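Q: Need coordinates for the following:
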Amino acid sequence: MYRLTMDDATTVIAYLWEDSEDYWPAVEGDDDVADPFSPGVGLDLFEAAHARLDSLGLRVPTVHLVDRERAHYPADLAIVEDFPGENLMDLFHRDPRAAEPTMARLAEALEAMRGHHAPTYGKVALVDGGGTSHGTSCEAVALAFGLRNLAEATARDDRIAGARDRLEDRLRELAAAVRPRAEYSVVHGELGLDHVLVDRDGNPVVIDIEDLMYFDVEWEHVFLRIRLHDDYRRLEVDGLDEDRLALYLLTQRLSLTAGPLRLLDGDFPRRDFMRGIAEHNLNEALALVSAG
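A: All right, here's what the predicted structure looks like:
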């Protein structure tokens, strides 16, 4: 992602889907769009997510140019609207009162996403195109995802390895407690306030949207709770399923452990920052299965 400055001093953002600039070490299944938790990378995913959010009335960056033919650069390219000011996280930390109107509009946007239902779960690009994801239910694919992350983390950290049996048993116990449900809402997947920009009218602008999927709304709210801590109350909603919240909390803690540890296998530059994320979530995961 690059900011481009035009001759008249206006700016835009260029998204380049260039494999050589991806810090994530590749693993089998990364390109499997039928896996709801495969990396959301690609112009098709971006365009489908953009169209869905726009249809729900959310503010997303205007797309100025899409180049699939690679006429301008030897990779898929999109040129989109730029918002050079603070993101919502920075604004909120600097001036919580000034951020309140934008937070309230973000809550409204989340409600619009929650209210739109799809016939099945999976990536928006896949489902809107008539496709079907792997698995039998949201909780089943989340359990499989949690077990994959547990295996990855076990291979990279002895503390997780020592608690592997307890963590696996707990994942399976939590998944077994979830009651069947077939209601799939629009879920961003990684909606921290750093993935929300603010336009000149104070509207929240949602970015990093390629992971957009239809899934249990609880998945979104677990991530929001993890990122916002006590400030989550500004986006809190009623009626969430506690069993799904419990399963998805442990699953995401394991994902936020295994993912950063895998990223550190490569040449990601902000290594201390990423180690801190892995360490924090590792300890939180272990705390969920600690005695007493």
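Q: What backbone torsions are found at the residue nearest to the spatial centre of the chain?
A: Among the residues of the chain, the one closest to the centroid is Glu190, at 2.3 Å (Cα atoms, centre = their mean). Backbone geometry at Glu190, expressed as degrees, to the nearest 10, gives phi -140, psi 50.
Q: residues contacting it?
A: Residues in contact with Glu190 (Cβ atoms under 8 Å, 6 or more residues apart in numbering) are Asp208, Asp211, Phe223. Glycine gets a C-beta too; all of them are placed from N, C-alpha and C.
Q: And the pLDDT for it?
A: According to the prediction, Glu190 has pLDDT 93.
Q: Wait, a helix at Leu249?
A: Yes - assigned with DSSP: H, G, I helix; E, B strand; the rest coil, Leu249 falls within a helix.
Q: count of residues packed around it?
A: 19 (other Cβ atoms under 10 Å).
Q: Run through the residues that contact the nearest residue to it once chain neighbours are set aside.
A: The shortest distance from Leu249 to any non-neighbouring residue, by Cβ to Cβ, 6 or more residues apart in numbering, is to Val222 (5.2 Å). Shown in contact with Val222 (Cβ under 8 Å, 6+ apart): Leu245, Tyr248, Leu249, Gln252.
Q: now, among the residues you listed, which is nearest to Leu261?
A: Gln252 (14.8 Å; Cβ to Cβ).
Q: quick one: what helix or strand has the closest one in it?
A: helix 242-263 (DSSP states H and E).
Q: Show me which parts of that helix are buried, residue by residue.
A: Neighbour counts over helix 242-263 (16 or more other Cβ atoms under 10 Å) mark 243-263 as buried.
Q: Same check on stretch 93-113?
A: Going by 16+ other Cβ under 10 Å, stretch 93-113 has these buried residues: Ala99, Thr102, Met103, Arg105, Leu106, Ala109, Leu110, Met113.
Q: Just the residues contacting that stretch, thanks.
A: 53, 56-59, 86, 88, 91-92, 185-188, 191, 196, 198, 202-204, 206, 220, 234-235, 237.
Q: And that stretch, how far out from the chain middle?
A: Centroid separation for stretch 93-113 versus its chain: 18 Å, with Cα atoms, centre = their mean, to the nearest Å.
Q: can I get the CA coordinates of it in PDB?
A: Extracted in PDB, the C-alpha atoms of stretch 93-113 (Å, rounded to 0.1, in the frame of the first residue of the first chain):
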ATOM      1  CA  HIS A  93      -6.600   8.100  22.300                       C
ATOM      2  CA  ARG A  94      -5.900  11.800  21.700                       C
ATOM      3  CA  ASP A  95      -9.400  13.100  22.300                       C
ATOM      4  CA  PRO A  96     -12.100  10.600  23.300                       C
ATOM      5  CA  ARG A  97     -14.800  13.200  23.400                       C
ATOM      6  CA  ALA A  98     -14.000  14.300  19.800                       C
ATOM      7  CA  ALA A  99     -14.100  10.700  18.700                       C
ATOM      8  CA  GLU A 100     -17.600  10.000  20.200                       C
ATOM      9  CA  PRO A 101     -19.700  10.900  17.100                       C
ATOM     10  CA  THR A 102     -17.500   8.700  14.900                       C
ATOM     11  CA  MET A 103     -17.700   5.900  17.400                       C
ATOM     12  CA  ALA A 104     -21.500   6.200  17.500                       C
ATOM     13  CA  ARG A 105     -21.600   6.100  13.700                       C
ATOM     14  CA  LEU A 106     -19.300   3.000  13.800                       C
ATOM     15  CA  ALA A 107     -21.800   1.300  16.100                       C
ATOM     16  CA  GLU A 108     -24.600   2.100  13.600                       C
ATOM     17  CA  ALA A 109     -22.400   0.600  10.800                       C
ATOM     18  CA  LEU A 110     -21.800  -2.500  12.800                       C
ATOM     19  CA  GLU A 111     -25.600  -2.800  13.300                       C
ATOM     20  CA  ALA A 112     -26.100  -2.600   9.600                       C
ATOM     21  CA  MET A 113     -23.600  -5.300   9.000                       C
END
